[in-house]
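Asks: What follows is a protein structure lacking sequence information:
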């Protein structure tokens with residue numbers, strides 16, 4: 001599937017992958033660049049949605065390693081959220097492999113806009129409050145929220161960064177930087193199982209997916225470095241700006 005590509009097309013995909021890698025690592029919405037790029041080269045929506053996960057997984061693994069080296073990810077948080085994210089991603093991916101992803105466009109736009117505005121106005125979690133981060137098994141709300149984030153990521157991916165930020169900051173009481181770090185770890189979890197589902201369903205166009213992935217690895221490295229050094233207020237503003245651009249891109253598709 002999609003075994004040939006022109007040089008200029010390869011360069012474009014790598015550059016878009018780089019941009020998406022930076023955006024997804026810092027906030028979310030990078031798939032609103034990569035998905036249209038894949039469809040521009042003739043991939044059907046379901047194949048583009050599946051193929052995009054190759055790059056997403058590559059950039060998320062890279063970003064996770066970067067945040068871990070800077071001590072922004074702890075193993076307890078990963079163990080705590082693994083099961084609901086994994087199961088949510090599995091159910092979402094199976095659903096996506098049979099349904100039209102365009103059905104979720106209004107939900108995607110609404111989610112991105114509401115969450116970004118909410119993150120801007122929410123006060124930062126203090127170091128003391130951050131020590132009281134909630135387990136996803138603490139209540140039905142925390143468990144359902146974590147599962148729903150995994151489902152959404154497995155289903156469509158685009159905009160899932162904003163959903164994960166809402167879950168980790170608003171429901172599980174993470175500060176924004178650690179929420180960003182856990183966001184990429186969560187993406188590795190549900191994208192791994194989603195990608196396996198799409199491989200079994202033969203919905204992956206490997207060449208454009210890998211080209212996007214090459215650029216996204218570089219973008220993720222840049223994104224981690226910037227996220228570690230930038231001030232929380234600046235990061236919040238960037239979340240909002242990226243959301244506006246992502247929403248416009250999704251609206252124009």
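Replies: Now that the structure is in, tell me what you want to look at. Only a predicted model underlies this, so the values are computations on that prediction, with no experimental measurement involved.

Asks: any chance you could map the helices in the stretch 1-150 of the chain?
Replies: Using DSSP state H, counting those that start in this stretch, the helices of the stretch 1-150 of the chain run over residues 7-26, 31-40, 45-69, 75-96, 105-121, 127-130, 140-155.

Asks: could you redo these as JSON lines and give each row mean pLDDT?
Replies: Converted to JSON lines, these look like this (pLDDT from 0 to 100):
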{"stretch": "helix 7-26", "mean pLDDT": "87"}
{"stretch": "helix 31-40", "mean pLDDT": "79"}
{"stretch": "helix 45-69", "mean pLDDT": "89"}
{"stretch": "helix 75-96", "mean pLDDT": "89"}
{"stretch": "helix 105-121", "mean pLDDT": "58"}
{"stretch": "helix 127-130", "mean pLDDT": "48"}
{"stretch": "helix 140-155", "mean pLDDT": "89"}
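
Asks: Please identify the one among the ones you listed that comes closest to residue 188.
Replies: Distance to residue 188, taken as CB to CB, is lowest for helix 45-69 among those, at 4.6 Å. All C-beta spots, glycine's among them, are computed from the backbone N, C-alpha and C.

Asks: in that closest one, what counts as buried?
Replies: For helix 45-69, the buried set under the neighbour-count rule, 16 or more other CB atoms under 10 Å, comprises 46-64, 66-68.

Asks: Then stretch 202-218?
Replies: 203-205, 207-218.

Asks: What is the nearest of the residues you listed to residue 148?
Replies: Distances from residue 148 to the buried residues of stretch 202-218, taken by CB to CB, are shortest for residue 203, at 23.3 Å.

Asks: Helix, strand, or coil at the closest one?
Replies: Here residue 203 is recorded as coil under DSSP: H, G, I helix; E, B strand; the rest coil.

Asks: how about the residue nearest to it when sequence neighbours are not counted, what does it touch?
Replies: Once flanking residues are discounted, residue 203 sits nearest to residue 50: 3.9 Å by CB to CB, 6 or more residues apart in numbering. By CB atoms under 8 Å, 6 or more residues apart in numbering, the residues touching residue 50 are 96, 97, 195, 198, 201, 203, 204.

Asks: Including distance to residue 158, could those residues go into a markdown table?
Replies: A markdown table is the format used below for the contacts of residue 50 (distance: CB to CB, whole Å):
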| residue | distance to residue 158 |
| --- | --- |
| 96 | 11 |
| 97 | 16 |
| 195 | 15 |
| 198 | 15 |
| 201 | 19 |
| 203 | 16 |
| 204 | 17 |
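
Asks: Which one of the residues you listed is nearest to residue 88?
Replies: Nearest to residue 88 among these, with distances taken as CB to CB, is residue 96, at 12.2 Å.

Asks: The residue lying closest to the closest one once chain neighbours are set aside and residue 46: what is the separation?
Replies: Using CB to CB, 6+ apart and skipping the chain neighbours, the partner closest in space to residue 96 is residue 155 (4.5 Å). Distance from residue 155 to residue 46, counting by CB to CB, to the nearest Å: 11 Å.

Asks: how much distance is there from the helix or strand that contains residue 199 to the middle of the chain?
Replies: Using DSSP states H and E, residue 199 sits within helix 176-200. From the chain centre to the centre of helix 176-200 is a distance of 7 Å (CA atoms, centre = their mean, to the nearest Å).
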